[in-house]
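Enquirer: Need coordinates for the below:
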Amino acid sequence: MNIEQPARDGRRVTADERAWFVAGALLIVACFLTAVSVMRQWSPCGADSGSQACLALQQTMNMLPIQADTMVLRVPWAASLVALGLTLATCAWIAFLLLHPLGRGIKIFGAVVAVPLVIMSIGGWFGVWSVESWVAHGGAWIILGTISEFVAIAFLVYATMSREAVSVTTMQRLVVLIFGVTAFGTMHQSAEFILLAFFDQAAQGVPRYLGVGTALTLGLTGAGVIWLTLRARKKPRRHEVSILG
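Expert: So this is what the prediction gives:
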């Protein structure tokens, strides 16, 4: 029994690391796709910020996900790329749940977190294929984005209070990961909107390059999860217990 225990612990550590690395890598790829999408969509403002196309774009952009509200103003592939970025961010969370040996109760709650994220991803592609219907249901997407973030916060509270094995280091990475996978949530998007508007108070309508913050959030959280996992390798391995003991 004592001989088999180290082997099981070794497999567990490998599974832990694989889950974090896969989730982090998916967030980084989502960052790249979102950044390319944002730059492409805002390209009409690059040469002449006062052009009619740029001004119209600033009056028609929505926040969930970042894409023009009219097909005429959409730059080819911009909406598809950001929808793919949203999908990969959702896949990062699902892959983490499937690969990480979390407790049963925590995994079930994690699956609940995945539900609004999956619906948002489907909605993103729905917006790519039917922009008029997307705009018509704009209020529903905003509500859904808010729900996804509140459910994610509730998940973190549950994981903290749970008696299942969730250590402090695991919670640190969970917080970073959750912040990344909900980057397209309404509160994230609103915070970016306010921050960009603060630095460009003369702007009319949507601040230019709205969406860059989303890409940065995806990239930084993905890199953060990988970095925290690599850093944990250098520390003496401890038995993983609940934060509450």
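Enquirer: just checking, next helix/strand downstream of the helix or strand of the chain with the lowest mean pLDDT?
Expert: In the chain, the helix or strand scored least confidently by mean pLDDT, DSSP states H and E is strand 61-63, which has a mean of 74. Going down the chain from strand 61-63, the next helix or strand is strand 66-68, by DSSP states H and E.
Enquirer: in its sheet, what does that following strand sit against?
Expert: strand 61-63 (antiparallel) (DSSP bridges).
Enquirer: Taking the centroid of the protein, which residue is nearest it?
Expert: Residue closest to the average C-alpha location in the chain (C-alpha atoms, centre = their mean): Val181, at 2.5 Å.
Enquirer: I'd like to know how far that residue sits from Gly110.
Expert: Note on Val181: its distance to Gly110, by C-beta to C-beta, to the nearest Å, is 10 Å. All C-beta spots, glycine's among them, are computed from the backbone N, C-alpha and C.
Enquirer: which residues do those two both contact?
Expert: Common contact partners of Val181 and Gly110 (C-beta atoms under 8 Å, 6 or more residues apart in numbering): Trp93.
Enquirer: Isn't Pro101 up against Arg18?
Expert: No: counting by C-beta atoms under 8 Å, Arg18 is not a contact partner of Pro101; they are 10.3 Å apart.
Enquirer: Report the buried residues of the lengthiest helix in the chain.
Expert: Secondary structure assigned by DSSP state H gives helix 4-41 as the longest helix of the chain. Neighbour counts over helix 4-41 (16 or more other C-beta atoms under 10 Å) mark 16-17, 19-41 as buried.
Enquirer: Tally up the residues packed near Ile194, please.
Expert: 10 (other C-beta atoms under 10 Å).
Enquirer: Nearest residue to Glu192 in space, please, no chain neighbours.
Expert: Gly213 (3.6 Å; C-beta to C-beta, 6 or more residues apart in numbering).
Enquirer: Tell me the first helix or strand C-terminal of the helix or strand containing Ile153.
Expert: Here Ile153, judged by DSSP H and E, is contained in helix 138-161. Note on helix 138-161: by DSSP H and E, the next helix or strand toward the C-terminus is helix 168-181.
Enquirer: looking only at pLDDT, what's the mean for the helix or strand harbouring Ala215?
Expert: According to DSSP H and E, Ala215 maps onto helix 212-233. For helix 212-233, mean pLDDT is 95.
Enquirer: Tell me which other helices or strands the helix or strand that contains Gln189 touches.
Expert: Take DSSP H and E as the rule and Gln189 turns out to sit in helix 186-199. Judged by 3 or more C-beta pairs under 8 Å, 6 or more residues apart in numbering; DSSP states H and E, helix 186-199 is in contact with strand 61-63, helix 138-161, helix 212-233.
Enquirer: so it versus helix 138-161, what angle?
Expert: Interaxial angle, helix 186-199 versus helix 138-161 (axes from the mean of the first three to the mean of the last three C-alpha atoms, to 10 degrees): 110 degrees.
Enquirer: tell me the mean pLDDT over helix 186-199?
Expert: The average pLDDT for helix 186-199 rounds to 86.
Enquirer: just stretch 98-109 next, same as before
Expert: 91.
Enquirer: picking up where we left off before, can I get the helix holding Gln189 in CSV? Just the C-alpha atoms.
Expert: The C-alpha trace of helix 186-199 is given here as CSV (Å, rounded to 0.1, in the frame of the first residue of the first chain):
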residue,chain,number,x,y,z
THR,A,186,-20.4,41.8,-19.1
MET,A,187,-18.5,43.1,-16.0
HIS,A,188,-15.2,42.5,-17.7
GLN,A,189,-16.4,44.2,-20.9
SER,A,190,-18.0,47.1,-19.0
ALA,A,191,-14.8,47.7,-17.0
GLU,A,192,-12.8,47.8,-20.2
PHE,A,193,-15.3,50.2,-21.8
ILE,A,194,-15.1,52.6,-18.8
LEU,A,195,-11.3,52.4,-18.7
LEU,A,196,-10.8,53.2,-22.4
ALA,A,197,-13.4,55.9,-22.2
PHE,A,198,-11.6,57.5,-19.3
PHE,A,199,-8.4,57.8,-21.3
